[in-house]
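Engineer: let's see this in three dimensions:
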Amino acid sequence: MTSSFASRYLSTRRRAPQDAAMELARLLAPGGALYVSMPFNFRVHGPLPDAWRLSEHGLKGLLERAGPRVIALTALETPGRPLMPAHHTAVAVKDVPRTPLTS
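Structural biologist: Residues are numbered from 1 along each chain as shown. Below is the predicted model:
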């Protein structure tokens, strides 16, 4: 387990991005952070496959279904193209399991 991961292009190069998110979540230590940065409004390019673009809602859902809780999500807006951000960045944390209090 590790305390943090940084991932660029979590989904764009993978045929099953949910598998990558699940594996990162599995390897992340409780209390650890995951930093994900990925393009949204960018042309298709190599190396192939160039498979996925996720909106901020899709990125949040992908990460939270894998386990970590998203605590920050930002978009780099594209000038002159409202609602078409160039890039998304998310920070997610794996919560520390709570233990019951004993008396």
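
Engineer: the helices in this protein, which residues?
Structural biologist: Taking DSSP state H to define them, one finds helices in the chain at 17-27, 56-66.

Engineer: and the last one, what does it pack against?
Structural biologist: I take that to be helix 56-66. helix 17-27, strand 28-39, strand 69-76, strand 87-93 (3 or more C-beta pairs under 8 Å, 6 or more residues apart in numbering; DSSP states H and E). In short, each C-beta sits where N, CA and C put it, glycine included.

Engineer: how about the helices of the chain in a markdown table, adding mean neighbour count?
Structural biologist: A markdown table is the format used below for these (neighbours: other C-beta atoms under 10 Å):
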| stretch | mean neighbour count |
| --- | --- |
| helix 17-27 | 17 |
| helix 56-66 | 17 |
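
Engineer: of those, which approaches residue 78 most closely?
Structural biologist: helix 56-66 (13.6 Å; C-beta to C-beta).

Engineer: quick one: that closest one to helix 17-27, angle?
Structural biologist: Calculated by axes from the mean of the first three to the mean of the last three C-alpha atoms, to 10 degrees, helix 56-66 forms an angle of 50 degrees with helix 17-27.

Engineer: just how off-centre is helix 56-66 within its chain?
Structural biologist: Distance of helix 56-66 from the chain centroid (C-alpha atoms, centre = their mean, to the nearest Å) equals 7 Å.

Engineer: over to stretch 44-51?
Structural biologist: 19 Å.

Engineer: pull the CA atoms of that stretch into CSV?
Structural biologist: The C-alpha trace of stretch 44-51 is given here as CSV (Å, rounded to 0.1, in the frame of the first residue of the first chain):
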residue,chain,number,x,y,z
VAL,A,44,-8.0,12.1,-30.7
HIS,A,45,-4.3,11.3,-30.8
GLY,A,46,-1.8,8.4,-30.5
PRO,A,47,-0.6,6.2,-29.1
LEU,A,48,-3.7,4.3,-29.5
PRO,A,49,-6.1,3.4,-28.1
ASP,A,50,-7.4,6.9,-27.3
ALA,A,51,-10.5,5.5,-25.8
